[in-house]
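Visitor: from the sequence below, what's the structure:
(one chain, ligands or ions: 1)
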Amino acid sequence: MSIWQAGRFQIDLNRPQIMGIVNLTPDSFSDGGTYSHTVQTALRHAEQLLKDGADILDIGGESTRPGAAYVSLAEEWARVQPVLAEVAGWGVPVSLDTRRTEVMAKALDLGGADIINDVAALSDAGAVDLLAQQADTGICLMHMQGLPETMQDNPHYQDVVGEVARYLNSRAAACIEAGIARTRITLDPGFGFGKNLQHNTALMRHLPELAAATGLPLLIGVSRKRMIGELTGETDAAARVHGSVAAALAAAARGARIFRVHDVKATADALKVWQALGV
Ligand SMILES: Nc1nc2[nH]c(SCCc3ccc(S(N)(=O)=O)cc3)nc2c(=O)[nH]1
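Guide: Okay, here's the model as predicted:
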C-alpha cells in the first residue's frame, strides 16, 4: 500500500490522484474585478473542481509560466491567503504552489497547506528546514532548469533524463537528510520548465526510469502546456483538453501517480476507463 503523507491526509497512490488547478492569476482582473471578485471566482472554481473529481486542490499565487511578470512576496501572499483560509475548512487536501519559504511559512502557520508544491524543489533559503520542522506536510519537488523568465530561451541538456533524475534524487536526499520522511515526498520532472518538445518527450518516454531511479512517486503537470500545443497544433490553451488527457494517460501508463490538471472531469473520466480497461 503506497501512500503520500499530506498533512492530516494519507493519499492513496494505488489509484491515480487528480490535483485540480485553482488559478489566482491577475487575468481574473481582466474584467476589472477586485480581490473579492477573484477570491469568489476562485472558490467557485475550486468547488467545481471537487465536484468534477479532483482529489487535491493546487493553489498558486505566482505564475511561473515562461516570461511571467514578477510577483512580489506580499502580492503572492495577498492572493493566496483568503483562498487558503477558506478551503482549509473544506476537508480536502490543499496544495500550495510556491517557491518562497516565507509564503510556505505563512501558509503553514495558517494551517492552510497540507502539501507544498515547489517548482524550485525547496531550493529557497530555509525551505528544507521549514518543512523538516513540520510533522506531516506533503512535498512535491519539481525540476526546473533556470528561472521562469528565461528557462525557455533555448534550453539545453547533455542527457535530459539523467540530469533530471540526478537533480530530483539530490533534492530528495537533502529532504531525507533533514529528517523528512520519504512518505511525504513526491517528485516531478517539470514538463515545460526549461524543456523543449524533444526534452519533454524524452522525459515522458523515460518516466519509468525516473520512478525507478528514486523509488518515489511521480507527480506530473502537462495540462494545456506548449508541448500539447506543439503536438496538436492547438494554439489556444483551452483547446488542448484532448491532448492533455492523452498525455495524462501516457504518463499513467508509465507509472505517474498524481496528475496536475485544469480539466478535471475529462481527466478523471479518462483515468477511470484506463484503469478499468487499460493496464
Ligand atoms: N508540480 C508542478 N507544479 C506546477 N505548477 C505549474 S504552473 C505552469 C507554469 C508553466 C506553464 C506553461 C509552460 S509551457 N511553456 O510548457 O507551456 C510551462 C510552465 N506547472 C507545474 C508542474 O508541471 N508541476
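Visitor: what segments of the stretch 151-279 of the chain are helices?
Guide: Under the criterion DSSP state H, counting those that start in this stretch, the stretch 151-279 of the chain carries helices at the ranges 160-177, 197-205, 207-214, 226-232, 241-253, 264-277.
Visitor: mind checking these for the one nearest to the ligand?
Guide: For the helices of the stretch 151-279 of the chain, proximity to the ligand was assessed by CB to the nearest ligand atom; helix 226-232 is nearest, at 3.3 Å. In this view, the C-beta of every residue, glycine as well, is placed from N, C-alpha and C.
Visitor: for the helix-or-strand element of the chain with minimal mean pLDDT, which residues meet the burial criterion?
Guide: In the chain, the helix or strand scored least confidently by mean pLDDT, DSSP states H and E is helix 35-51, which has a mean of 90. Under the neighbour-count criterion of 16 or more other CB atoms under 10 Å, helix 35-51 has 38-39, 41-43, 45-46, 49-50 buried.
Visitor: and residue 66, which of the three is it?
Guide: Classification of residue 66 using DSSP: H, G, I helix; E, B strand; the rest coil returns coil.
Visitor: what sits against it?
Guide: With contact taken as CB atoms under 8 Å, 6 or more residues apart in numbering, residue 66 is in contact with 148-149, 151-152, 192.
Visitor: one more time with 6 Å
Guide: residue 152 (CB atoms under 6 Å, 6 or more residues apart in numbering).
Visitor: now residue 148
Guide: Contacts for residue 148 (CB under 6 Å, 6+ apart) come out as 64, 68.
Visitor: quick one: pLDDT of it?
Guide: As summarised for this prediction, residue 148 has a pLDDT of 92.
Visitor: from residue 126, how far out is residue 255?
Guide: Look at residue 255 and residue 126: by CB to CB, to the nearest Å, they are 32 Å apart.
Visitor: rewinding a little: from the chain's centroid, how far away is the least confident helix or strand of the chain?
Guide: The chain centroid and the centroid of helix 35-51 are separated by 18 Å under CA atoms, centre = their mean, to the nearest Å.
Visitor: can you name the element that comes right after that helix?
Guide: Counting by DSSP states H and E, the next helix or strand C-terminal to helix 35-51 is strand 56-60.
Visitor: which bits of the stretch 1-150 of the chain sit near the ligand?
Guide: Within the stretch 1-150 of the chain, the positions near the ligand by CB under 6 Å from any ligand atom are 64-66, 97, 117, 119, 140, 142.
Visitor: same thing but at 5 Å, please
Guide: 64-66, 117, 140, 142 (CB under 5 Å from any ligand atom).
Visitor: hmm, back to that, show residues contacting the least confident helix or strand of the chain.
Guide: 20, 22, 24, 28, 57, 82-83, 86-87, 264.
Visitor: among those, which pair sits farthest apart?
Guide: The distance between the two most remote of the contacts of helix 35-51 (CB to CB) is 22.2 Å, for 82 and 264.
Visitor: who's more crowded, these two?
Guide: The neighbour comparison of residue 82 against residue 264 (other CB atoms under 10 Å) goes to residue 264, with 22 against 17.
Visitor: contacting residues around residue 21?
Guide: Counting by CB under 6 Å, 6+ apart, residue 21 makes contact with 58, 262.
Visitor: what angle do the strand ranked longest in the chain and helix 241-253 make?
Guide: Counting by DSSP state E, the longest strand found in the chain is strand 17-23. Interaxial angle of strand 17-23 relative to helix 241-253 (axes from the mean of the first three to the mean of the last three CA atoms, to 10 degrees): 140 degrees.
Visitor: give me the sheet partners of strand 17-23 and which way each runs.
Guide: Using DSSP bridges, the strands paired with strand 17-23 are strand 56-60 (parallel), strand 258-261 (parallel).
Visitor: so of the ones you listed, which one's packed in deepest?
Guide: Greatest average neighbour count among the strands paired with strand 17-23 goes to strand 258-261 (a mean of 28), per mean count of other CB atoms under 10 Å.
Visitor: quick check: mean pLDDT of that strand?
Guide: 98.
Visitor: CA atoms only: put that strand into CSV for me.
Guide: Below are the C-alpha coordinates for strand 258-261, written out as CSV (Å, rounded to 0.1, in the frame of the first residue of the first chain):
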residue,chain,number,x,y,z
ILE,A,258,-0.6,12.3,-9.4
PHE,A,259,-1.8,14.5,-12.3
ARG,A,260,-1.9,18.2,-12.0
VAL,A,261,-4.6,19.3,-14.5
